[in-house]
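Peer 1: Take a look and give me a structure for this.
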Amino acid sequence: MPSNQPTPDGAGELTAEQLAEIERKYDPETAFRPTSGVVALFITCALVAMSLYHFYASGFALIRELLHRGIHVSFVLGLVFLLFSFHKAGNATKAQKAWYRIGGVSFLDILFSMGAVAAAMYLPLLPPEVVAERVGNPSQFDVLMGSILLVLTLEATRRSVGPTLPIIALIFMAFALFGPYAPGALKHGGTSWLGLINHLYMTNQGIYGVAIGVMAQYVFLFILFGVLATRIGLGQLFIDLAMVIAGRYSGGPAKVAIFSSAFMGTISGSSIANTVTTGALTIPAMKKVGYPPHFSGAVEATSSTGGQITPPILGAAAFIMVEYLEIPLRDVLAAALFPALLHYFGIFIMVHLEARKLGLRGLTAEELPKLGIVLKQHWLSIIPLGILVYLIMSGRTPDYAAVYGIIACVVVGFLNPTDRLSLKDLWDALASGAKNTLAVGAAAATVGIVVGVVTLTGVGFRLGYVVVQTASDMGAFVSTIWPLSFFAIEQWALFFSLILIAIACIIMGAGIPTTATYIILVAVAAPALAQLQVQNLVSHFFVFYYGVLADITPPVALAAYAAAGIAGSNPFQTGNTAFRLGIAKAMVPFVFVYSPALLLVAEGFTWSAFIITLSSAMMGIGCMGIAFSGYLLAPLPMLQRWWMALVALLFIAPGLTTLLIGIALVAPIVLLQLRDRKKLAVAAS
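Peer 2: Numbers count the residues shown, from 1 in each chain. Reported below is the predicted structural model:
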């Protein structure tokens, strides 16, 4: 917070270095190795050059598609090998001084960096007509360079993201090579190494595919915008405004976490970064007013994960949706708006009920920032975000909006007397913005390998067939049981397909960046929903939401573990609590599958259907929050909690009939709660 604003006691329990260490521990994307001397200077200059190139290429130049993607890949892979060690021990001080290192970087990593740049630029620098002639019949040197790029891409991803994604890519490659030996419906003719390299390297269906194209054209600029917007004070404005809005109410710091994380989600696409940024303030404040440590960490983790589904960035997945669905970005953002609000509504309900149950206070006037001072100091920082949103909603392309948003950040930064931007600050921000894109860029290249195998083998439709058949068999069995037989086999098949796909999405999303998770799931899981006649927009959002849910789903709940590090709580307990608080995010995708009107721009949208769907979803989420909290107006007995949970499940398939039935079923519980509250009041008096 600003120096002239009061800080809640305990908010400074962890130093900036400790917070950075927590982020590095749980977020491999930020585990950069220390460098020094000429090497450090070279890396910084390369990072700044990367930012300036993308700003120029996306805003003012016309560069051939393959060349643009090749330059992006060469920057990403070349810098990953310079900034990420082979293993974590490579960050040790002793290792940095070894004879085989220059400025902290080993000779081998320098060789890998040079090899990655050469392999990434080899094909894009060839004349287009030569590339076209060699597709389908690559030369031996083409295969060699493609093989080098493939191997180095997997290694760069392992270093910067972790082993999960490269392992998935290797499994898919093995599936492509050994297709004749695959079981059942997954069996196919297979391909050779030459055929695999041809598809993944020589065409735009592999490493140079849509994933890298979107990263190079859109995502890089929005990440850079987020860094600059935070640097000019927008992040601090969001945190201070959240405290002004919600801090004074019962359990105020937890509500501050919700609002601040929702605001931060508009400019950030990282769950863990959001958790560390806002959690440094909100988690100690929550503990101070009486929330248990594990609950404090869970609130922050769940709220911060919501940033991945909050417009206008959506963890960068919004731009991939634009490419895949071929619809304007403003339509994607409109579709994402109310599901994101329902996520925060679900957290708010549980936080409020927990505060009421524990009798927690809000922050005092002395602990809160003053609205007038906050606006006076930071009001200028909202201008770039306003320009960005205006340009997007007026129909401009995402890269156009991002370029002018960045320009606005720089102009405001130089003019703002409170958070004035110096040339050194701008230099550091350009370097930091590029550095923040390296891991997701490497992941996108590896995702290109996975998607390339999917298009080469058709495995997405094969897996979809297996899922639908399994769900149909389960539905046929369940429909023989009374009273479940009131629902048709087709209805059960859709329900079980959604369950199976949701579980697969959570598993696939464990420890993988949001954008990479989404692209894989669209290629592998979405075809199953397409076979069930689910709209494309709906199926994309369904797999995206469940992929994001992995960030707060044990045993690999990275955002929750980072929050536990700040809260000093048990990581697994924090993860379980975070999943409970985020249960709305697990319910909402089912809601918009059964009633697409919630997404605003889905086919068949009507305002009446939207209002009924939104009302039903809010009531269902409220009932689930009451069931998990065990409190409404007074403590709920276990039987009433189970009753509320079962009522909540009705609203998965919203409608007017469902809404009326739900109200009728909830009414007796409310009456019992009024009676119990009266008894407690009498006993207290």
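Peer 1: Please make it C-alpha for all contacts and neighbour counts, starting now.
Peer 2: OK.
Peer 1: helices or strands up against the helix or strand harbouring Val666?
Peer 2: Here Val666, judged by DSSP states H and E, is contained in helix 656-684. Here helix 656-684 touches helix 607-629, helix 638-650, going by 3 or more CA pairs under 8 Å, 6 or more residues apart in numbering; DSSP states H and E.
Peer 1: Let me know the average pLDDT across the last one.
Peer 2: Mean pLDDT, computed over helix 638-650, is 91.
Peer 1: Next: the first one.
Peer 2: Per-residue pLDDT over helix 607-629 has a mean of 90.
Peer 1: and the angle for the helix holding Val666 with helix 607-629?
Peer 2: Computed with axes from the mean of the first three to the mean of the last three CA atoms, to 10 degrees, the direction of helix 656-684 lies at 40 degrees from that of helix 607-629.
Peer 1: And helix 656-684, what's buried?
Peer 2: 658-659, 662, 666, 669, 673, 676-677 (16 or more other CA atoms under 10 Å).
Peer 1: Then stretch 448-461?
Peer 2: So for stretch 448-461, counting by 16+ other CA under 10 Å, buried means 448-454, 456-461.
Peer 1: Need the contact partners of that stretch.
Peer 2: 168-169, 172-173, 176, 186, 188, 190, 199-200, 205-212, 519-520, 523-525, 527-528 (CA atoms under 8 Å, 6 or more residues apart in numbering).
Peer 1: Regarding stretch 253-272, how distant is the last residue from the first?
Peer 2: The first and final residues of stretch 253-272 sit 19 Å from each other (CA to CA, to the nearest Å).
Peer 1: Checking Arg361 next. Helix, strand or coil?
Peer 2: Counting by DSSP: H, G, I helix; E, B strand; the rest coil, the backbone at Arg361 sits in coil.
Peer 1: where does the chain have low pLDDT?
Peer 2: For the chain, the stretches with pLDDT under 70 are 1-20, 22-29, 88-99, 269, 315, 510-511, 555-556, 685.
Peer 1: could you dump the buried residues of stretch 448-461 to CSV with secondary structure?
Peer 2: CSV is the format used below for the buried residues of stretch 448-461 (three-state DSSP):
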residue, secondary structure
Gly448, helix
Ile449, helix
Val450, helix
Val451, helix
Gly452, helix
Val453, helix
Val454, helix
Leu456, helix
Thr457, helix
Gly458, coil
Val459, helix
Gly460, helix
Phe461, helix
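Peer 1: which ones among the contacts of stretch 448-461 are found in helices?
Peer 2: When DSSP state H defines the helices, the subset of these inside them is 168-169, 172-173, 176, 210-212, 519-520, 523-524, 527-528.
Peer 1: Next up, phi/psi of Val534, please.
Peer 2: Here is the backbone geometry of Val534 (degrees, to the nearest 10): phi -80, psi 140.
Peer 1: Tell me who's in contact with the closest residue to it other than its chain neighbours.
Peer 2: Take Val534 and drop its neighbours on the chain: the residue closest to it by CA to CA, 6 or more residues apart in numbering is Val593, 7.1 Å away. By CA under 8 Å, 6+ apart, Val593 lies in contact with 534, 538-539, 542.
Peer 1: same thing but 10 Å
Peer 2: Val593 is in contact with 494-495, 498, 529, 534-535, 537-539, 541-542, 599, 652-653, counting by CA atoms under 10 Å, 6 or more residues apart in numbering.
Peer 1: okay if I get the residues you listed as a markdown table plus distance to Ala156, secondary structure and neighbour count?
Peer 2: As requested, these are arranged in a markdown table below (distance: CA to CA, whole Å; DSSP: H, G, I helix; E, B strand; the rest coil; neighbours: other CA atoms under 10 Å):
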| residue | distance to Ala156 | secondary structure | neighbour count |
| --- | --- | --- | --- |
| Leu494 | 39 | helix | 22 |
| Phe495 | 39 | helix | 18 |
| Leu498 | 34 | helix | 24 |
| Leu529 | 33 | helix | 25 |
| Val534 | 36 | coil | 18 |
| Gln535 | 36 | coil | 14 |
| Leu537 | 32 | helix | 20 |
| Val538 | 33 | helix | 26 |
| Ser539 | 31 | helix | 22 |
| Phe541 | 29 | helix | 26 |
| Phe542 | 30 | helix | 28 |
| Leu599 | 37 | helix | 24 |
| Ile652 | 41 | coil | 23 |
| Ala653 | 44 | coil | 17 |
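Peer 1: can the residues you listed go into JSON lines with extra columns for distance to Ala40?
Peer 2: Compiled in JSON lines, the contacts of Val593 are given as follows (distance: CA to CA, whole Å):
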{"residue": "Leu494", "distance to Ala40": "54"}
{"residue": "Phe495", "distance to Ala40": "54"}
{"residue": "Leu498", "distance to Ala40": "49"}
{"residue": "Leu529", "distance to Ala40": "48"}
{"residue": "Val534", "distance to Ala40": "51"}
{"residue": "Gln535", "distance to Ala40": "49"}
{"residue": "Leu537", "distance to Ala40": "44"}
{"residue": "Val538", "distance to Ala40": "46"}
{"residue": "Ser539", "distance to Ala40": "45"}
{"residue": "Phe541", "distance to Ala40": "41"}
{"residue": "Phe542", "distance to Ala40": "43"}
{"residue": "Leu599", "distance to Ala40": "47"}
{"residue": "Ile652", "distance to Ala40": "54"}
{"residue": "Ala653", "distance to Ala40": "56"}
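Peer 1: Do a quick rundown of the strands in this structure.
Peer 2: Secondary structure of the chain by DSSP state E: the strands cover 101-102, 105-106.
Peer 1: would you list the ones you listed in JSON lines and tack on mean neighbour count and distance to Ser472?
Peer 2: Formatted as JSON lines, the strands of the chain follow (neighbours: other CA atoms under 10 Å; distance: least, CA to CA, whole Å):
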{"stretch": "strand 101-102", "mean neighbour count": "16", "distance to Ser472": "59"}
{"stretch": "strand 105-106", "mean neighbour count": "24", "distance to Ser472": "55"}
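Peer 1: and which of the buried residues of stretch 448-461 is nearest to Val244?
Peer 2: Val244 has its nearest neighbour among the buried residues of stretch 448-461 in Gly448, at 44.6 Å by CA to CA.
Peer 1: ok, now how distant is the closest one from Leu581?
Peer 2: From Gly448 to Leu581 the distance is 34 Å (CA to CA).
Peer 1: all helices of the stretch 451-600 of the chain, in order?
Peer 2: In the stretch 451-600 of the chain, the segments counted as helices under DSSP state H, counting those that start in this stretch are 459-478, 489-508, 514-524, 526-531, 536-549, 558-567, 571-581, 583-594.
Peer 1: report the angle between the axes of the fifth one and helix 571-581?
Peer 2: I take that to be helix 536-549. 150 degrees.
Peer 1: how about stretch 368-376 as PDB, C-alpha atoms only?
Peer 2: Extracted in PDB, the C-alpha atoms of stretch 368-376 (Å, rounded to 0.1, in the frame of the first residue of the first chain):
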ATOM      1  CA  LEU A 368      -8.700   1.300   5.800                       C
ATOM      2  CA  PRO A 369      -7.400   3.600   3.100                       C
ATOM      3  CA  LYS A 370      -9.200   6.800   2.400                       C
ATOM      4  CA  LEU A 371     -11.200   6.900  -0.900                       C
ATOM      5  CA  GLY A 372     -10.300  10.500  -1.700                       C
ATOM      6  CA  ILE A 373      -6.600   9.900  -1.300                       C
ATOM      7  CA  VAL A 374      -6.700   6.600  -3.300                       C
ATOM      8  CA  LEU A 375      -8.400   8.200  -6.200                       C
ATOM      9  CA  LYS A 376      -6.200  11.300  -6.100                       C
END
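Peer 1: Okay then, goodbye and thanks.
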